[in-house]
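[1] Pasting the sequence and the predicted coordinates here, then a few questions.
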Number of protein chains: 2
Amino acid sequence: MRDPAATLREHDLPVTAQRLAVLRAVSRHPHATADDLAERVRDDIGAISRQSVYNVLGVLTDKGILRRIQPADSPARYEDRIGDNHHHLVCRSCGRTEDVCCAVGEAPCLKAHTHHGFKIDEAEVIYWGTCPACQKSKRS
Amino acid sequence: MRDPAATLREHDLPVTAQRLAVLRAVSRHPHATADDLAERVRDDIGAISRQSVYNVLGVLTDKGILRRIQPADSPARYEDRIGDNHHHLVCRSCGRTEDVCCAVGEAPCLKAHTHHGFKIDEAEVIYWGTCPACQKSKRS
DNA sequence: GGCTTTGTTTTGACAAAGTCTAAATCTTTA
DNA sequence: TAAAGATTTAGACTTTGTCAAAACAAAGCC
């Protein structure tokens, strides 16, 4: 992300230490959970409340500055790579999460047709599998 | 589902009133949540504990008799249409969930390639949109 | 049919993730 | 620099689901 403070201002959001620190943390640790990020931010600026982490992640996600992903059996994770409709690859046993380019055509991949009268706006894809480390430790 | 009792026996599961009632409820109300199902079962056989609903759904899912789906911002939902790798279409505002046939090729659609050394076993697709009822009520 | 073993169901406490509210504090802007 | 408005904080609360132990029921055996 170019300049976090400028990004905030562009979205009419007051620039606060908490928001800058959360943005830095997400940028440095993509796919981290709210709790992970809270710890990172505390290492960075000393302290932040749990609620503020949720507040910041909430508004930044609403504004489209961050993207929230919510795989099954995992708390929500956040990333700042947005607008390119990429997907995710998640390890079933440790939760490790990696980006995967859109497999089929352009964004929004899997062309948004209509079904049952729904107006479809996104096709979310999660690839489930086992990461290298977990493959090793499970094979016994 | 052909014969729920037979299905249970085929999987070496003792046949109980609770299991039969949960199977009936899932069959009659696909994509219902655990709480929904508990209510349905109570209407059906009079009573069941919350924990038993979770127990039954858990073992039946583990055995592959049911499938659990966990869209973001929704409690888990269950269905008994299994083995055909279909996907889901979820309404962002009311949670209504519909089945969608696999969009791309055979099951597991979106051929399981390898990425980052992961061994991929499933490609889960969720189409997000707005159902007809919510389109109407929001347009104002 | 009655008994034993094994597995299921129930109850109640607990845990994780996130939301709500009101008071205190900080940003912005004039 | 001060006022207005938004953000941050603390703490209670909610939802969804799990754990553990005791009570109970199903299946097989005599």
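    Cool, the structure landed.
[2] ok, which residues in chain A are in contact with DNA strand C?
    Those residues of chain A that sit near DNA strand C, judged by Cβ under 7 Å from any atom of the strand, are A:9, A:14-17, A:33-35, A:50-51, A:54, A:58, A:70, A:75-76. The C-beta positions use only the backbone N, C-alpha and C, and glycine is treated the same way.
[3] from those residues, which two are the most distant?
    Spanning the widest gap among the residues of chain A next to DNA strand C are A:Arg9 and A:Pro75, at 29.8 Å by Cβ to Cβ.
[4] ok, back up a step: now a PyMOL select for only the buried ones of the residues of chain A next to DNA strand C.
    Here is the PyMOL command that selects the buried residues among the residues of chain A next to DNA strand C (16 or more other Cβ atoms under 10 Å in any protein chain shown):
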select buried, chain A and resi 33+34
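[5] so of the residues of chain A next to DNA strand C, which ones are in helices?
    A:Arg9, A:Ala17, A:Ala34, A:Asp35, A:Arg50, A:Gln51, A:Tyr54, A:Gly58 (DSSP state H).
[6] okay, those in CSV with pLDDT next?
    Below are those laid out as CSV (pLDDT from 0 to 100):
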residue, pLDDT
A:Arg9, 96
A:Ala17, 97
A:Ala34, 98
A:Asp35, 97
A:Arg50, 98
A:Gln51, 98
A:Tyr54, 98
A:Gly58, 98
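[7] Looking at those, which is nearest DNA strand D?
    Taking Cβ to the nearest atom of the strand as the measure, A:Gln51 is the one of those closest to DNA strand D, at 3.5 Å.
[8] Buried residues of stretch A:126-140, list them for me.
    Across stretch A:126-140, burial judged by 16+ other Cβ under 10 Å covers A:Ile126, A:Tyr127, A:Trp128, A:Gly129, A:Thr130, A:Cys131, A:Cys134.
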